[in-house]
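Enquirer: what follows is a predicted structure for the sequence shown.
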Amino acid sequence: MNTFPMIDSQIKNDLLLKALKGEVLERPPVWMMRQAGRYLPDFMKLKAKYSFFERVETPELATEITIMPVTQIGVDAAILFSDILVIPQALGMEVLMTPGKGPQLPGRIKKPEDVHNIMSVDIKERLHYVFEAIKLTKKELNNEVPLIGFAGAPWTIFCYMVQGEGSKNFDKAKAFCYKHPHESGLLLQKITDATIDYLKAKVEAGVDAVQIFDSWASVLSPEMYFKFSMPYFQQIINALKDITFVISYPKGLWYGLEEFAQSGTHALGIDWTVSPEFARSILKDRVTIQGNFDPCNLYAPIPEIIKATKDMVKRFGKQGYIANLGHGILPDIPVDHARAFVDTVKSMN
């Protein structure tokens, strides 16, 4: 049975936190992954003036971007504007955000010896700007909605550190695991230790919940996932679940629902390839479900978005459910379409 941290009684809209406890609500809370992003015109104005890491590393800018969807779209939670690749940066790797190419890590892990060169670091010192942004964001939110902090799961961070860039299949990362399983485990453990320190510091700075993104879970076979991802993911859940609410998001991991139901996570994010009925049949009421609207469905005419959103919420039900997308919102989604999704959930009392 899950244990639950205390809910901050000062938060005015605490629907998200109540849903994470599995309470029956008049309506589910709603927010969107990547909600503070490129579909918002005000975000694009800042993007034109400041580089990616200028926005991430400047607390005032990160705060402004974090709050945008709360005030402009009306979501029930804020998620801190940052990036999962601050962990490789903290571990001494260079990370470049190249327009049109995505993340680039030119000093990627190529051989076993490279793993031993990754040293432990003082996360609070190296990523101080993140914790400053949390404190400033909490102040600006003025307890209107909860603030979510996040990190990448160790396997997903491993993928970037070894592949050196985004990929459809992360063949270099997977090959490293097959060729060098011992060093792969060492690197995954180093990432895990840094991530636990990072998320604990986020909680200390004031976030009300954390989400762990395993965006590349689906490139692994079940056997490989339970060897090279789940044990490290589990360590993070174990370290955080008693001090804050934990939302786990292993994209595409339909075969791992039972394992995550037993993991101690408070919520499990699922994508659109998993039906509400299948998810409920496995998870039952052991864990809150988050998801799973297809982001591409937001291209549909607004009446169709409203209809599909209502259908999704009815199928999941009002207990132990958080309405969200099955992955991040796409950059060219019209703002009024995103707002229609959020408004529809909020109207379903």
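Expert: Yes, it's here.
Enquirer: quick one: contacts of the top helix by length along the chain?
Expert: If you go by DSSP state H, the chain has its longest helix at helix 181-205. Contact with helix 181-205 is made by 80, 86-87, 90-91, 109, 112, 115-116, 118, 120-121, 123-124, 127, 130-131, 134-135, 149, 151-152, 154-155, 157-158, 161-162, 176-177, 210, 212, 228, 232, 235-236, 239-240, 243-244, as judged by CB atoms under 8 Å, 6 or more residues apart in numbering. For glycine as for every other residue, the C-beta is placed from the backbone atoms N, C-alpha and C.
Enquirer: what sits against Leu17?
Expert: Ile7, Asp8, Ile11, Pro146, Asp208, Ala209, Phe245.
Enquirer: in the stretch 201-349 of the chain, which spans are helices?
Expert: Taking DSSP state H, counting those that start in this stretch to define them, one finds helices in the stretch 201-349 of the chain at 222-228, 230-240, 257-261, 276-283, 302-316, 335-346.
Enquirer: and the first one, what does it pack onto?
Expert: Where contact means 3 or more CB pairs under 8 Å, 6 or more residues apart in numbering; DSSP states H and E, helix 222-228 is packed against helix 154-163, helix 171-179, helix 181-205.
Enquirer: and these, which is most packed in?
Expert: helix 154-163 (a mean of 27; mean count of other CB atoms under 10 Å).
Enquirer: angle of that one against helix 171-179?
Expert: Angle, helix 154-163 to helix 171-179, by axes from the mean of the first three to the mean of the last three CA atoms, to 10 degrees: 100 degrees.
Enquirer: and of the helices and strands packed on helix 222-228, who's closest to Gly100?
Expert: helix 154-163 (17.4 Å; CB to CB).
Enquirer: and the angle from that closest one to helix 230-240?
Expert: Using the same axes, to 10 degrees: helix 154-163 against helix 230-240 is 130 degrees.
Enquirer: what residues are up against Asp76?
Expert: Asn13, Leu15, Leu16, Pro29, Val30, Trp31, Val145, Lys346.
Enquirer: which among these end up buried?
Expert: Among these, those classed as buried by 16 or more other CB atoms under 10 Å are Asn13, Leu15, Leu16, Pro29, Val30, Trp31, Val145, Lys346.
Enquirer: from Gln35, how far off is the third one?
Expert: It stands for Leu16. 13 Å (CB to CB, to the nearest Å).
Enquirer: now do His116
Expert: Relative to Gln35, His116 is positioned 39 Å away (CB to CB).
Enquirer: look at those two and report which has more neighbours.
Expert: Between His116 and Gln35, counting by other CB atoms under 10 Å, Gln35 is the more crowded of the two (26 against 11).
Enquirer: which residue packs closest to that one, ignoring adjacent ones?
Expert: Closest residue to Gln35 apart from its sequence neighbours, by CB to CB, 6 or more residues apart in numbering: Pro69 at 4.1 Å.
Enquirer: wait, the one you found touches Ala78, no?
Expert: Yes. Here Pro69 lies in contact with Ala78, judged by CB atoms under 8 Å, at a distance of 7.4 Å.
Enquirer: give the intersection of the neighbour lists for the two.
Expert: Trp31, Ala36.
Enquirer: if you count contacts, what does the helix or strand of the chain with the lowest mean pLDDT end up packed against?
Expert: Sorting the helices and strands of the chain by mean pLDDT, DSSP states H and E puts strand 96-98 at the bottom, at a mean of 89. Using 3+ CB pairs under 8 Å, 6+ apart, the elements in contact with strand 96-98 are strand 102-104.
Enquirer: what's in contact with the helix or strand following the strand it packs on?
Expert: Per DSSP states H and E, the first helix or strand lying C-terminal to strand 102-104 is helix 112-116. Contacting residues not belonging to helix 112-116 are listed as Ile109, His180, His182, Glu183, Ser184, Leu186, Leu187, Lys190 [CB under 8 Å, 6+ apart].
Enquirer: as a markdown table, those with distance to Lys139 and pLDDT would be great.
Expert: Putting those into a markdown table (distance: CB to CB, whole Å; pLDDT from 0 to 100) gives the following:
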| residue | distance to Lys139 | pLDDT |
| --- | --- | --- |
| Ile109 | 39 | 97 |
| His180 | 46 | 98 |
| His182 | 46 | 98 |
| Glu183 | 43 | 98 |
| Ser184 | 41 | 98 |
| Leu186 | 40 | 98 |
| Leu187 | 37 | 98 |
| Lys190 | 33 | 97 |
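Enquirer: returning to that earlier point: next, the angle from the longest helix of the chain to helix 230-240.
Expert: 20 degrees.
Enquirer: with that, I have no additional questions.
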